[in-house]
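Student: when you get a sec, could you give me coordinates for this:
(chains A, B, C and D, ligands or ions: 4)
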Amino acid sequence: MSRLGQMRHLGLFVAIGLLVIVGLITKPDNFATTSNVVSMLSLAATIGVITVGATFVIIGGGIDLSVGAIMALASVWATTLATQEFGPFVMAVCAILVGTGAGLVNGLLVAYGRLVPFIATLAMLVAARGLAQRMSDRKTQLIQTGNSAIVELSTTRLLGIPLLVYVFALVVVLGWILLNRTTFGRRTYAVGGNPEAARLAGIDVRRHTMLLYALSGLCCGIAAILIMARTTTGSSTHGDLYELDAIAAVIIGGTLLTGGRGTIIGSILGLLIFTLITNLFILNGLNTSDQLIAKGLIIVVAVLLQRRNLKEIR
Amino acid sequence: MSRLGQMRHLGLFVAIGLLVIVGLITKPDNFATTSNVVSMLSLAATIGVITVGATFVIIGGGIDLSVGAIMALASVWATTLATQEFGPFVMAVCAILVGTGAGLVNGLLVAYGRLVPFIATLAMLVAARGLAQRMSDRKTQLIQTGNSAIVELSTTRLLGIPLLVYVFALVVVLGWILLNRTTFGRRTYAVGGNPEAARLAGIDVRRHTMLLYALSGLCCGIAAILIMARTTTGSSTHGDLYELDAIAAVIIGGTLLTGGRGTIIGSILGLLIFTLITNLFILNGLNTSDQLIAKGLIIVVAVLLQRRNLKEIR
Amino acid sequence: TSNEPAAAPSSAAAPAPAASGNDQPGTKVVIGFSAPAADHGWIAAIAKNAEATAKQYTDVEFRPVDPTNDINQQISAVESLIAAKVAALVILPNDGQQLNQVALQATDAGIPVINLDRVFPDKLAYRTWIGGDNYGMGVAAGHYIGAKLKEKGVSNPVILEIQGIATLPLTQDRSKGFADALKTYGFSVTAKQDAKFTVETGNQVAAGLLQAHKKIDALWNHDDDQGVGVLAAIKEANRSEFVMVGGAGSLNAMKEIQSGSSVLEATVTYSPTMASSAIKLARLIAQGKGMSDLVENQVPQSITLASETITKENVEKYLPLGFES
Amino acid sequence: MLVMRGIVKQFPGVRALDGVDLDVRAGEVHCLLGQNGAGKSTLIKVLAGVHRPDEGTIEFNGAPVSPGSPNDAIRLGFATIYQELDLVDGLSVAENIFLGHEHARLGFVRRAAGNRGAREVLARLGHPEIRPSAEVGRLSPAAKQVVSMARALSHDARLIIMDEPSAALAHDEVANLFRIIRELTAQGVAVVYISHRLEEIREIGDRVTVLKDGRTVAVGLPARDTPTSQIVSLMTGRNVEYVFPPRASRRPGDEVLRVEDLTSPGAFAGVTLSVRAGEIVGLAGLVGSGRSEILEAVYGARPATGQVVLAGERLRRGGVVRAVRRGMGLAPEERKAQALLLDQSVTANITLGSLPEFARFGWIDRARERAEATRLVEALDIRPPAPERPIKTLSGGNQQKAVLARWLLGGRKLLLLDEPTRGVDVGARADLYAVIRGLAEQGIGVLLVSSEVPEVLGLADRVLVLREGSVIHQGAAEDLDEHRVLDMIMEGRAA
Ligand SMILES: Nc1ncnc2c1ncn2[C@@H]1O[C@H](COP(=O)(O)OP(=O)(O)OP(=O)(O)O)[C@@H](O)[C@H]1O
Ligand SMILES: Nc1ncnc2c1ncn2[C@@H]1O[C@H](COP(=O)(O)OP(=O)(O)OP(=O)(O)O)[C@@H](O)[C@H]1O
Ligand SMILES: [Mg+2]
Ligand SMILES: [Mg+2]
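Tutor: Numbers count the residues shown, from 1 in each chain, chains lettered A, B, ... in the order given. Ligands and ions are numbered 1, 2, ... in the order given. I've put the predicted structure just below:
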């Protein structure tokens, strides 16, 4: 599989390569600079962490529409005055707990309440945004100076790279290990590929499904910390439409929405394509309308490139 | 199947019944008035027409994220000054052609380009919005007085009911007939339920898939006319996030995202639940945050009610 | 922001009622209110100000409806208020043109419509318009930046613009005013990008622009809400070589200006207090009264607020009017 | 009538067909024999327009044809019953039968005509009890097979291709099928018949073509007179017959499974049975007699009342997870729907039931996993012997072996085998029997369901006969013969 795996991502690498070439040609001075690359990675970090969780859920045969909303809720909860009093560490823990908790609720609804994932997580999306608005009174909550340790994730650099990029990398690596080297990962493929077979093979499909959503929630919690670091705020507007971006990245990366197949690497490459596109547009000063048109075309081309590669494997 | 069909919708009727009771109790004077009911139906009409198309696509095993964007593009194209010169009839035809054309592109990408529907229609969403913005120069385009025949769809009433509600009803009836009484409908279930089996049975699965997206685009075109009538404008902002609402209505209505099963009636009932919820919120003047929280809970309850009913059937 | 421990008293945003005869209780009136979804500090402040002002009057029954960003739903919401036969309607439409027809419907039904901010194209559709001056905002920002750069003697300056939602007419007005004012100094906008009025989008767009332009002379950000994100991106990139001007006048932006250590040197106002005024106007119109400070017996047909420029020098005066973003 | 010459079909990494010839005459039943993976299904899929051949020619009634899609093949008059069920679960029986060629006017379906047509075909197949309006997804596998046949009959075909149609059928159903085939051939229709059951070939077949490793090794052998040993050695290259391994040398040990009064309304009632360590217990009965359901209930995969005691410990209603943890394993009857992860490798499929064995704190020891899987692939002769291949590229019989292999791991106490040799070729069958017997020798208890009575009698130590959901006989296998069992099954007479 690993050989096939590399083959499978060839198309994505080609797409990324093409975008990089476009960048080098159009903006030779700005594109390949360290600061631009770092800026892209920092931008990708938040949604990247979420994408890792989304990959698990989708391979497991589900879908999570609530990722952006959960991230918003976690960011708001972690930045209320009450939470901020306890300092940055508690704030981070709070974000993670809120994220995981909301994910767990998704998991319970899907696995034990047997709601269709689309609906259960749509309900969570709506409700979590509402709760976030209520909690924040629709205001943007600034992180106070005493708690700037959180903001330092974004401002402090190690070898020229902001800490939050390391967090992102760590989540990717851990996610990869979990998916490829553990029984949990193996079961995720089984549960998504053929739940009935998984059940008859003695896997507790419901429990596993629940855990997948909790894992996705956990990732949203971590992402909340990153977005807090980047924007110095918690807000109910954070993460708007992240669900679409995350799912799109996962699917462009070759994971099937029907479950049972997919890779973390693919998802991250898919995400980088999006990040590159946005970066190129801003560097070249395209206006939004043209950006949108071009983005649509590039998505199609990227996937066509990749599909050609997948064909023989299917 | 028709017997099961009725059973299957019991939960939806119960949910609607409960919401109606809540309406009658909280706002006895305003809720059950003709004008309120008509207002609800007018509200539901636009997205209702789209939901009919979405039901076909989803039963056929696909998904269409571009519905709102296609509607916006069709509305913009039909209200450019150039188009408006030709009068209301040509404007309506234009909206329908643009919608169908965009749907056809989706269909070609999915069926013959073999792109995952999620990605193909996401690309269309992005590109169509971009094109609509470009075309309209991001401005709202008013329907000129000479072409007010279109607006009259919304303002003229027959038996106290605006014409656009009749259009909605007609689309639902035609959709129902197409799905339940024709070979096209029959094959839609087959293509969604087991594409391999459909192919082996001699059905041209690709062509059929393409037609499904074209049909969805056609519905978007019709919806564009309705939204033009209601708002007296064409705009690139029309139909924002309609895709989520339409898909949610279809799924609450009992259609599986995996395809092969589902009903038009269910989708329309699902949509009415959303419309009722919104209406109740308006009448009772809830604030947005509470609305969102309540909406999330109601969705879960509605689906749980329905699931209980589905259980035995699955 | 809400996190300032010593937050300004909530009444700050809704100025105390003028001590005039008009505030004496009159006939009881129901005022309907419809606005876009309050997912944004400025709009939230609008909703809050409207409600707070209405509560000050014992003769006003305030009836807000489902705020939504979907035109179709806002139309239904307004229809429901017409059906409920309210005495006056205060409408901040998602889009003036798209809601024009339903406003006309209300007017036809004999309900005076007070058009707040985003304007209906058809004057028959409303009784009174009150709103900010989007073009003027751009002009104010343009003048501040133009003068500043002239003073520094910069030629060919790099001037950037971060817009709000690009499809809103108000955005286009602001940009036009900005460009026009800059032109008087012989300057023009180097690049502009639109954000979505949220902290996050402001942050993303700013991060990108900072990469695209290694040296910047001035930056106008249309909206102080998204400005929080813009400022975060600027701090992260460690840049300070330019002047930044904000828009709307949030409390947060004012504090930033007050500190004097920020790139944010000024902001041009677009005050959500207009919602308070709109409610007051609605009450007066519904009760058939005029504005007591004016000579006329009736409320005027249109009121445009001036866009003021807040700098370190005058910020003290504006602080009580700043809204929490 | 049909002449295929030098057909070559290459899949990535596998040359499934390597120059195959086939001649079929009008009005004959032409049998296609070959080991699992020999290329039979691939050949008929070429004929049915599912796969395009890389090389080779097809002539039909003297004219060259090249069916490029299933639709083309149908238009040529070829109807196919595929090995893997090809029905749409959400549609009704009638809708499935006429899918693609509905009774319709101007695109409007004439439902009544469709139902009438379906009723006729089903009656012809001897299954008037299947309602045309029933939803196919809720039918038993056997009934689905009947619908699949009805679909083929509904076309006015001149050539009917049947890929293991009898695999899901029991004795009497097969007789029914043969009656239909005779009717068809009498009308001049040609039938290509694939089966791994040699006795069926003898009964119905006219001529035989044997495939081995994608090549034709024998053409046009007389089906009735060719000695079995010759056919088998052509297929497998060795001399095996239906050989059941000798029964247990040692006495069965302690009871591993005791089932008391197990009842699942609508499926079976009051089932009491026991299995001892080292013992193979067979369940015989008609299709639809509830055997699969009993296995599922014992396994905890289906709600039922009554008691299940495994190795002295009463299983509470905890479902499959607990049953597996306590040492049970089930090889279900529908491998594709119930057992396989089609996209995953053979290895992943084999180790799915015993992952904890290969893991430490959840971390999988991949080297050990691969070693074990490779060992089993070799032991069961799974072909191609490449544990890393996606399992969906294996032929049906080889997939079935992988399903069995899953439960050879992890120290099971009790195995529940539902139709373990469905679709497995003669040679491999003997291997599987030996494996199953070997398991029993190691002290594992086996509960076996099979629709082939000889298999139950030959492999099991003890046999339970079921009829309409209740046990009507139990006793040692040696005391029974096929006739007596069939009598009991058909007429409900206890011996
Ligand atoms: N889609 C595919 N991709 C790759 N290899 C395939 C594919 N389909 C079949 N094969 C391979 O082709 C060979 C022939 O398979 P086929 O299904 O024709 O065998 P068969 O004779 O029908 O066997 P069985 O008796 O088990 O059904 C096998 O080696 C199989 O692994
Ligand atoms: N999904 C279902 N819903 C309702 N009844 C069912 C369902 N599946 C099976 N049955 C019924 O349960 C009984 C036993 O079914 P089944 O055909 O599986 O028996 P079996 O003895 O295991 O046969 P097989 O040889 O196919 O394994 C039959 O009466 C059948 O109609
Ligand atoms: Mg085969
Ligand atoms: Mg069975």
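Student: for the helix or strand containing residue D:490, buried residues please.
Tutor: If you go by DSSP states H and E, residue D:490 is part of helix D:482-491. Residues of helix D:482-491 classed as buried by neighbour count (16 or more other Cβ atoms under 10 Å in any protein chain shown): D:484, D:485, D:486, D:488, D:489. C-betas here are computed from N, CA, C, even on glycine.
Student: got a list of contacts for stretch C:176-188?
Tutor: When contacts are defined by Cβ atoms under 8 Å, 6 or more residues apart in numbering or on different chains, stretch C:176-188 is touched by residues C:134-143, C:145-147, C:149-150, C:157, C:159, C:161, C:189, C:220.
Student: rounded mean pLDDT for that stretch, please.
Tutor: Averaging pLDDT along stretch C:176-188 gives 95.
Student: so for it, what gets flagged as buried?
Tutor: For stretch C:176-188, by 16+ other Cβ under 10 Å, it's C:177, C:178, C:179, C:181, C:182, C:185, C:187.
Student: double-check residue C:171 against residue C:222; I have them as touching.
Tutor: Yes. Using Cβ atoms under 8 Å, residue C:171 makes contact with residue C:222 at a distance of 6.8 Å.
Student: what's the overlap in contacts for the two?
Tutor: In contact with both residue C:171 and residue C:222: C:163, C:164, using Cβ under 8 Å, 6+ apart.
Student: more neighbours: these two, which one.
Tutor: residue C:222 (32 against 20; other Cβ atoms under 10 Å in any protein chain shown).
Student: check whether stretch D:71-86 contacts chain B.
Tutor: Yes. Interface with chain B: stretch D:71-86 contributes D:71, D:74, D:75, D:80, D:82, D:86 (Cβ under 8 Å from any Cβ of the partner chain).
Student: quick one: which of these is most hemmed in?
Tutor: For those, neighbours tallied by other Cβ under 10 Å; top is residue D:80, 27 neighbours.
Student: quick check: of the residues of stretch D:71-86 next to chain B, which lies closest to residue D:95?
Tutor: If you rank the residues of stretch D:71-86 next to chain B by distance to residue D:95 using Cβ to Cβ, residue D:86 comes first, at 13.8 Å.
Student: pretty sure the closest one sits in a strand.
Tutor: No. Residue D:86 is assigned coil when assessed by DSSP: H, G, I helix; E, B strand; the rest coil, not a strand.
Student: count of neighbours near the nearest residue to it once chain neighbours are set aside?
Tutor: Spatial nearest neighbour of residue D:86, chain neighbours left out: residue B:197 (4.2 Å); criterion: Cβ to Cβ, 6 or more residues apart in numbering or on different chains. Close neighbours of residue B:197, defined as other Cβ under 10 Å, add up to 25.
Student: one more: residue D:175?
Tutor: For residue D:175, the neighbour count with other Cβ under 10 Å is 12.
Student: swap in the one 5 residues further on?
Tutor: Residue D:180 has 19 neighbours, counted by other Cβ under 10 Å.
Student: which non-adjacent residue is nearest the closest residue to chain D within chain A?
Tutor: Closest contact between chain A and chain D, by Cβ to the nearest Cβ, is at residue A:202 (2.7 Å). Spatial nearest neighbour of residue A:202, excluding adjacent residues (Cβ to Cβ, 6+ apart): residue D:324 at 2.7 Å.
Student: wait, a helix at that neighbour?
Tutor: Yes. Residue D:324 sits within a helix when classified using three-state DSSP.
Student: do you know how far it is from residue D:310?
Tutor: Residue D:324 is 11 Å from residue D:310, where distance means Cβ to Cβ, to the nearest Å.
Student: neighbour count: the two, which is higher?
Tutor: For residue D:324 versus residue D:310, neighbours defined as other Cβ under 10 Å are more numerous around residue D:324 (25 against 22).
Student: help me confirm that that one comes into contact with residue A:201.
Tutor: Yes. Contact status for residue D:324 versus residue A:201: in contact at 7.3 Å, counting by Cβ under 8 Å.
Student: ok, which of the residues of stretch D:71-86 next to chain B also contact ligand 2?
Tutor: Counting by Cβ under 6 Å from any ligand atom, nothing from the residues of stretch D:71-86 next to chain B sits close to ligand 2.
Student: in strands, which of those residues fall?
Tutor: Residues of these located in strands (DSSP state E): residue D:80.
Student: nearest to residue D:443, of the residues of stretch D:71-86 next to chain B?
Tutor: Using Cβ to Cβ, residue D:82 comes nearest to residue D:443 of the residues of stretch D:71-86 next to chain B, at 40.4 Å.
Student: could you measure from that closest one over to residue D:304?
Tutor: For residue D:82 relative to residue D:304 (Cβ to Cβ), the value is 33 Å.
Student: alpha carbons of the helix holding residue D:490, in PDB - could you do that?
Tutor: What follows is helix D:482-491, C-alpha atoms only, in PDB (Å, rounded to 0.1, in the frame of the first residue of the first chain):
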ATOM      1  CA  GLU D 482     -28.100 -38.000   2.100                       C
ATOM      2  CA  HIS D 483     -31.500 -39.500   1.300                       C
ATOM      3  CA  ARG D 484     -32.600 -39.600   4.800                       C
ATOM      4  CA  VAL D 485     -31.500 -36.100   5.400                       C
ATOM      5  CA  LEU D 486     -33.300 -34.800   2.300                       C
ATOM      6  CA  ASP D 487     -36.400 -36.700   3.300                       C
ATOM      7  CA  MET D 488     -36.400 -35.000   6.700                       C
ATOM      8  CA  ILE D 489     -35.700 -31.600   5.300                       C
ATOM      9  CA  MET D 490     -38.400 -31.800   2.700                       C
ATOM     10  CA  GLU D 491     -41.100 -33.600   4.500                       C
END
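Student: give me the distance between the two termini of stretch D:61-72.
Tutor: 16 Å (Cα to Cα, to the nearest Å).
Student: quick one: average pLDDT of it?
Tutor: Per-residue pLDDT over stretch D:61-72 has a mean of 90.
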